[in-house]
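1. got a sequence here, can you build the structure:
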Amino acid sequence: MIITLKKLLRQLILSTLLGGLALVVWGMIFWGFLADPVGVFHTLPNADAVTALLQANGTTTGTYFMPWPRKTAEEFAAFVAQHQRGPFYLLMYIREGVDPNSPGKLLLGVLHYLTVALLATLLLLMTNLPRYGSRVLVVLLAGLLGSNFITLGNPLWFHLPWDYTLGNLFYEVVSWLLLGLVTAPFVRPA
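-> Numbers count the residues shown, from 1 in each chain. A predicted model of the protein is given here:
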């Protein structure tokens, strides 16, 4: 049986919208209520003093890794020595500030989740799997591929703390599972 264009568009739209909605709701639950108890972020002691120092020194918006750079043999030796004796850190700094509740930011976040759901839906359409459980598993495995490469790579390559990593990994694994559970019913084989 050939799937009609109308049915294909319906599957694509419903799966993308409901998958995106599931990600939005889970994101609101996790980042709004669970990130603190899970311990994803920590409060910096003397945060005001550190912030004042960054501002006073004219630090611009960017991502900083200390120690860096490591272009010469001497810089690389200093890089290794600083890692061995500590401390070292990764700092993401936004000097200008943003409104975390701006409609533009929220809209971009929703669009981001919709693109993730669209990609999951397209993957399911390409696999054409007959069983619901198999379709859920494909989305879960595809998400785990990215989480394994990126999220689990961060503590290995950049030494990010494991509490941060495991908190994000928990968020991602639940996201991929929810996305699979919600998109799989709408993307059935022809």
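2. would you enumerate the residues in contact with Leu129?
-> Neighbouring residues of Leu129 by C-beta atoms under 8 Å, 6 or more residues apart in numbering: Arg135, Val138, Pro189. Every C-beta, even on glycine, is put in place using the N, C-alpha and C of the backbone.
3. neighbours around Ile13, how many?
-> Neighbour count of Ile13, defined by other C-beta atoms under 10 Å: 13.
4. one more: the one 10 residues further on?
-> If you count neighbours by other C-beta under 10 Å, Leu23 ends up with 23.
5. let me see the contact set for it.
-> Tyr113, Val116, Ala117, Ser175, Leu178, Leu179 are the contacts of Leu23 under C-beta under 8 Å, 6+ apart.
6. which SS class is it?
-> State at Leu23, reduced to three classes by DSSP: H, G, I helix; E, B strand; the rest coil: helix.
7. got the residue ranges for the strands in this structure?
-> 62-66, 89-93 (DSSP state E).
8. tell me what the first one is packed against?
-> Same thing as strand 62-66. strand 89-93 (3 or more C-beta pairs under 8 Å, 6 or more residues apart in numbering; DSSP states H and E).
9. how does it look with 10 Å?
-> With contacts taken as 3 or more C-beta pairs under 10 Å, 6 or more residues apart in numbering; DSSP states H and E, strand 62-66 sits against helix 73-85, strand 89-93.
10. neighbours of the residue nearest to Phe79 when sequence neighbours are not counted, just the number please.
-> Spatial nearest neighbour of Phe79, excluding adjacent residues (C-beta to C-beta, 6 or more residues apart in numbering): Arg70 at 4.3 Å. Arg70 has 14 neighbouring residues, counting by other C-beta under 10 Å.
11. the closest residue to Phe186 other than its chain neighbours: what's it in contact with?
-> Excluding the flanking residues, the one nearest Phe186 by C-beta to C-beta, 6+ apart is Ser15, at 4.0 Å. Ser15 makes contacts with 117-118, 120-122, 124-125, 179, 182-187, as judged by C-beta atoms under 10 Å, 6 or more residues apart in numbering.
12. these two touch, right, Asn128 and Pro189?
-> Yes. Using C-beta atoms under 10 Å, Asn128 makes contact with Pro189 at a distance of 4.6 Å.
13. any residues in contact with both of these two?
-> Here Asn128 and Pro189 have Ile3, Arg135 as joint contacts, going by C-beta under 10 Å, 6+ apart.
14. follow-up on the earlier one: neighbour-wise, which one of the contacts of Leu23 leads?
-> Leu179 (28 neighbours).
15. correct me, but that residue touches Gly27?
-> No. The pair Leu179 / Gly27 is not scored as a contact, 11.5 Å apart, by C-beta under 10 Å.
16. hey, what's in contact with both of these two?
-> Contacts common to Leu179 and Gly27, judged by C-beta under 10 Å, 6+ apart, are Tyr113.
17. what's around Val139, how many residues?
-> 28.
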